[in-house]
Structures are given as C-alpha cells and as structure tokens.
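In: Predicted model, plus sequence, below.
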Amino acid sequence: MFGGDRRSQIITANAREGEVQERVDEESVAKYNEIIEILLAGGYFRARISGLSSFDKVVGGMAWSITSSNVDLDVDVFFQENANIKQKIKLSEKLIEALHKLKCPYPLQAQQIQGQDYINLFPIIQWLVAKVLETRAETGDLSRIYSESQFNKTYETPQDRDFNARKDLAVSFMEEVDDRYCPKRRFRRQKDVDSTPQSTLLEYGKLNRSATKDKQERKDDKAGIKSKLESTMAKADDDMEREERMISELSSHLDTVNDAAGVSGRNIGALVSADEISSAEQANYTPSGKGEGLSGEGQKMMAQKQHQHQVHALEKQVAVQTAALQKIKATHDALAQKVEEIQGEYNKRVALNERIILETQKLDALETPENTKQLQLLRQLVGLNESLRNQEAQFKASCKKQMVEWKALIESLQKGAGLGGDNDEEERERRQLVEETWNADTEKMKRVRGLLAKKNRDISQVERKIDDVPSRTELMQYQRQFVELYEQVASKLTETRQYYLSYNTLEDTRSVLAREVSILNSIHDNYKTAMASKASREKLIESMDSIVKGVLGNLEKEEGKLGREKKTADEISDRYMKLVEKERSYYKATREFQEECKKNELLLEKMAE
C-alpha cells in the first residue's frame, strides 16, 4: 500500500512537471524576463549564468538585494544553490521575515516563492532593487573616497609625481627665502631698561616709516589752521626738539650689535607714535605760553600719580569682574546640574521609546490576516490597561495630596484645641467625616485594583489563546513537515517490505532445496536395500510416485498463487492508472479555474473603472 503511494507521488510529480512544460504561462515568462533584466540593471550579474535554475536566479537576487540594502536585520538570509526542498522552505521563510522587517509594501507568502509566482514576485524585486540603488547612491561618495585613499597609499599617478617634484623645489625655495630674509638683531637692550614695543622693534631694525609722514601731515594740518591755532604752531619747533630728545634717550639705552647697521636719529624717531607726542605736548604745556617743560622730578611724580590711578581703576575692575565671575560660576553649576538631570531623564525616555518601538515591530511582524482581530482586541485591552494605570497613579497622587492637606488640618486643629474646649463636638464631626471619606476612597481604590487585576487576567488569557491558535504559515509548515515525514516513512516501509519479501523467498527456496536433499539422501540410503528384493523395489516405486505427486501438487498451488498475485497486480495497476488520470484532470481543472479567476478579476477591475 505505502510503496504504491510513494511511486504514485513520484510519477505524479513527473506528470505535473510535464504538465507545466506543456502549458507555459506567457505572462509569467514575461515577468520572469523582466525580473532578470531588473536584477542585471541593479548589479546582480549571476543572473546571466545559464547553468542556474530560475529559482536560484530569482531567490539569489532577492537575498543579494536584502544584503546590499545595508539594513540591520536580525535574520540569517543564507542562499545556497541547488538546495533541497527543506533548505528552500527555510530560505523562503527567512526571506519573508526579512521583508516584514524591511516594511515591504507588497504582501508575499513563502509558497509563492517556492511556486515561482513571478507575477507577485516582480513588484517586490523591483522595490528591493530600488532600495539597493538608493543605498548605493547614499554610500557611493564615501566608497569612492575610501577607494581613492587606498589607491593613493600604494600607487601614484603622473600628476602626483609632477606635483611632488614641484613641491620639493618650492619647499627648498621657501626655506632659502626664510633663511635669507630672517630677522637679525642689530641692537641689544641694556639690563636696566624696561622692554617696550618700540625698543624691541628698534633692536631688530624694524622702523616704522609712516610716523615721520604722520608728523609732517600733522604739521601741515596745523599750518592749514594757522589762523586759529597760532599759539600752538609757535611751539612746533620746541615739540620737534623734545621728540629728538626722547629718541636720543631711547637710543642711549641700546648697544650696537653690528656697526654696519647704523640707524639715524630721524629713523629712530619713527618708533614714537604721534599719539605719544601729542600726550607729551599736553603734559608739558604750561598756561604761561612760554613753552617751558616740567622738570624731571615733576614728570616722575606725575607718572607715579597716573600709575597709581590706573592701578586703582584696574583693581576696581578686577573686583567687579571677580564678583561677576563667581555669579556666573554659580549659575553655570546650577545649569550644569540641571542639564545632567535632564540628560538622564532624556536617556531614560529614549531607552523606553526604543524598547516600545522594538516591541511594536515584533508585534507587527506577528500580525497576519488570521489574527488581525485578536491583535486589535489586544491593542484595545492594552490601551485600557494603560489608561487604568494612569488613572490609578492620578488617584494615588490626589489621595496623597488630600492626606497631606488633612494631616495639616488635623495638626492645626490639635494646636487650636489647646486654646479652648468649646469646639470639641465640631472637631469630632470633622474627624468622623475625614475617616468616612478615607474609608470610602480606600474601598474605591480596592475596587479599581480588582478591576485592573481582572483586566490583566483577561489580557493574559487572550494572549494565551492567540499563541495557541496556529497561523497560516505555521499550518503550512506543519503540512510540509508531515508530507516529508510521510515520504520518509513510506520509503522506509517499502525498503522493509522488500527485505521481508527477499527473506521469505529465500526461506521458501531453502526449505524446498532441503526437502529435495532429504529425499535424495533417503533414496540413496535405501536404494541398495530396496533393490535386494522385488517387494522392496515395488515399495520404492510407490514412494517415488507419491513424491512426484506431492511435488506436482505443490507446483499447482504455487502456480495458482502466482496467478492470483498477477491478477491482483493488474487490478492495482488499472486502479493506479485511473487515479493518475483523475489527478491529471484535477490539475487541469485547477489550472483552468485559476485562469478563469484571473479573467474574473480583470473583468471586475474593468467594471470598477
């Protein structure tokens, strides 16, 4: 029985393959060619290999597209060519899981991949290749820059060699220029002289030529307003003499390093700015108008007073800035602490949000058309649970607030009770009212907790029921596993029956040969004795006749048994051929029904338009 079923499945599969080869769907072939073109355009060039089957080309292209999209998926999409049925089923399920996590907008099932439904596979492969091209456009510049950097580490272009040669020449030229025109010290400052910008520039011969020009322009400007400032212009010669004295005083504190590099007094005077000359003029100006300057002690006292005044002003500014700095530090510390608290709260919220998103994705991946209603009910119950929890938290907060208020009121009443005993009755009524309110709120909270526990139990029961109901994918997987197990059991049973038949045949042959050997041995042993007398010979002949009759009887029985077995085999063969013909008719009717369904869908779409 089982052996015949196994052969029936094999022949049926062969017959079904022949049926597919005879009836070719032109639309499916066109979609398959378009899929191959899309994969080649996207960069999957293994689709050109003629030795691969159509399943390996299409499924390999899907696995390549998912891998090349650079999306972090916790799915092992391992593609292997010329896989068996078990590996194909596993790969199809992994591809469906990966498409769910990629949020593919087109529905697909595992049996459509195994059945090579190119019409439904075409939009999904088109979407995957578009996603691969988007990822390649995003990462193309980065990959190009990385490849160029790796190339430049090992190889050089002719332009790079020319640039390096020119760079070496340019660097050597710049070093030569720096060495030739580097600053050289011409004077050296004495130890007892303070360092100033003018004296430092004078040491290296960096003279400002614009100062003399500014003085000349100032002089020209004064000459232009001679009618208004006659008294000031009268002192111009004295100012020039005073400037020369200041320059001479600066140069007297410098020692010459190189005699060849002398500096004139007029060039040294260029180191003193026009503002300093004006301030010196104002400091040395006297109301008498005679143009006489202050003595050295007077200038020193005035400089000390100005220095003390500047120091006092700077100390005040330092104190003000220090106080402001302390306030800013305190504000900064408070804000930093607040920022740390906010950052900690933000990290907690982000972690909670990521966890919620992950759980939502898992729930979306488990959603199928069969359990949509159960999941909607589960979402409603979860929302109700969350709302009840929020209500409970709000109720607890309000109870705590009321408890604090009542405690404060009780303390105030207890403090006021020591002042007189006239309001004892009123206080007792208030306490009784508070206790009654507290008891009522406690009972209400217990009822709410009971309702919440009941809802949680209902939610857990619904979840268990949802888990107990297998989905369509699981049922199909169970069916495939049962079919594979049935095939294995049938093949094992056929093999076992063959062993039994071989054993029984060999055992019958052995028993027949053993009987023949025993008969021949008995004839050989009794032949001399039987041939000694006539009566013995007659008995021997009779026994030989009985043996021949027994053998002929056994032969007739075996021939009858063989005829019955042949008749049974013919009946089984006829029944098998009828079943094969019926199966072919069934597949033919199924194919025609599918075509009619497609025509019906097209007609419905045209009617809808």
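Out: Yes, it's here. Numbering: from 1, shown residues only.
In: can you pull out the helices in the stretch 501-609 of the chain?
Out: 534-608 (DSSP state H, counting those that start in this stretch).
In: again but with the stretch 101-250 of the chain, I slipped
Out: So, for the stretch 101-250 of the chain - with DSSP H, counting those that start in this stretch - the helices run 110-114, 118-154, 158-180, 197-203, 210-224, 230-233, 236-252.
In: which residues are in contact with the first one?
Out: Pointing back at helix 110-114 there. Residues outside helix 110-114 that contact it (CB atoms under 8 Å, 6 or more residues apart in numbering): 55, 59, 62, 88-89, 92-93, 95-96, 120-121, 473, 476. Every residue, glycine included, has its C-beta placed from N, CA and C.
In: picking that back up, going by mean pLDDT, which of the helices of the stretch 101-250 of the chain comes out lowest?
Out: Least confident of these, judged by mean pLDDT, is helix 210-224 with a mean of 46.
In: so residue 370 sits in a helix?
Out: No: Residue 370: not assigned to a helix; according to DSSP: H, G, I helix; E, B strand; the rest coil it is coil.
In: Surely it touches residue 471?
Out: Yes: contact criterion CB atoms under 8 Å: residue 370 and residue 471 qualify, at 5.6 Å.
In: for whichever helix or strand residue 488 is part of, packing partners?
Out: Secondary structure from DSSP states H and E places residue 488 in helix 472-530. Other helices and strands packing on helix 472-530, by 3 or more CB pairs under 8 Å, 6 or more residues apart in numbering; DSSP states H and E, are helix 2-22, helix 85-101, helix 110-114, helix 534-608.
In: quick one, it and helix 534-608 angle?
Out: With axes from the mean of the first three to the mean of the last three CA atoms, to 10 degrees applied, the angle from helix 472-530 to helix 534-608 works out at 170 degrees.
In: tell me the angle of helix 472-530 relative to helix 85-101?
Out: 170 degrees.
In: how far does helix 472-530 sit from the chain's center?
Out: 62 Å (CA atoms, centre = their mean, to the nearest Å).
In: do the same with stretch 52-61
Out: 28 Å.
In: just to revisit the earlier point, if you average pLDDT over each of the helices and strands packed on helix 472-530, which is lowest?
Out: helix 2-22 has the lowest average pLDDT among those, namely a mean of 37.
In: after it comes which helix or strand?
Out: helix 26-42.
In: what packs against that next one?
Out: Checked by 3+ CB pairs under 8 Å, 6+ apart, helix 26-42 has helix 54-68, helix 118-154 packed alongside it.
In: could these be laid out in JSON lines, adding mean neighbour count and distance to residue 429?
Out: As requested, these are exported to JSON lines (neighbours: other CB atoms under 10 Å; distance: least, CB to CB, whole Å):
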{"stretch": "helix 54-68", "mean neighbour count": "21", "distance to residue 429": "76"}
{"stretch": "helix 118-154", "mean neighbour count": "14", "distance to residue 429": "75"}
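In: For residue 47, find the nearest of those helices.
Out: helix 54-68 (4.8 Å; CB to CB).
In: could you check the angle helix 26-42 makes with that closest one?
Out: 40 degrees.
In: How many residues are close by residue 512?
Out: 13 (other CB atoms under 10 Å).
In: gap between it and residue 130?
Out: Distance of residue 512 to residue 130, given as CB to CB, to the nearest Å: 77 Å.
In: ok, residue 395 to residue 441 distance?
Out: 8 Å.
In: what's the closest residue to residue 536 other than its chain neighbours in contact with, if anything?
Out: Spatial nearest neighbour of residue 536, excluding adjacent residues (CB to CB, 6 or more residues apart in numbering): residue 530 at 4.1 Å. Contact partners of residue 530, counting by CB under 8 Å, 6+ apart, are 536-537, 539-540.
In: Just the buried ones from these?
Out: residue 540 (16 or more other CB atoms under 10 Å).
In: biggest separation within the contacts of residue 530, which pair?
Out: Longest span within those, CB to CB: 537 and 539, 7.4 Å.
In: what about the nearest residue to residue 129 once chain neighbours are set aside, neighbour count?
Out: Spatially, and ignoring its direct neighbours in sequence, residue 129 is nearest to residue 42 (3.9 Å; CB to CB, 6+ apart). The local packing of residue 42 (other CB under 10 Å) involves 22 other residues.
In: Would you check that residue 42 makes contact with residue 135?
Out: No: counting by CB under 8 Å, residue 42 stays clear of residue 135, with 10.9 Å between them.
In: where does residue 309 land in three-state SS?
Out: helix.
In: per-residue confidence at it?
Out: For residue 309, pLDDT reads 76.
In: Torsion angles phi and psi at residue 108?
Out: Reported as degrees, to the nearest 10, the phi and psi values for residue 108 are phi -160, psi 150.
In: my bad, should have said residue 84
Out: Dihedral angles for residue 84 - degrees, to the nearest 10 - are phi -80, psi -180.
In: who's in contact with it?
Out: Neighbours of residue 84 in contact, by CB under 8 Å, 6+ apart: none.
In: ok, now how distant is it from residue 91?
Out: Taking CB to CB, one finds residue 84 at 11 Å from residue 91.
In: and residue 91, how many neighbours?
Out: 24.
In: Compare the helices and strands packed on helix 472-530 and report which one is nearest to residue 200.
Out: Of all those, helix 85-101 sits nearest to residue 200, with 71.8 Å by CB to CB.
In: quick one, that closest one and helix 118-154 angle?
Out: Using the same axes, to 10 degrees: helix 85-101 against helix 118-154 is 80 degrees.
In: Tell me the helices and strands packed up against helix 85-101.
Out: helix 54-68, helix 110-114, helix 296-366, helix 472-530.
In: Save those as JSON lines, and put in distance to residue 160 too.
Out: Converted to JSON lines, these look like this (distance: least, CB to CB, whole Å):
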{"stretch": "helix 54-68", "distance to residue 160": "33"}
{"stretch": "helix 110-114", "distance to residue 160": "51"}
{"stretch": "helix 296-366", "distance to residue 160": "47"}
{"stretch": "helix 472-530", "distance to residue 160": "59"}
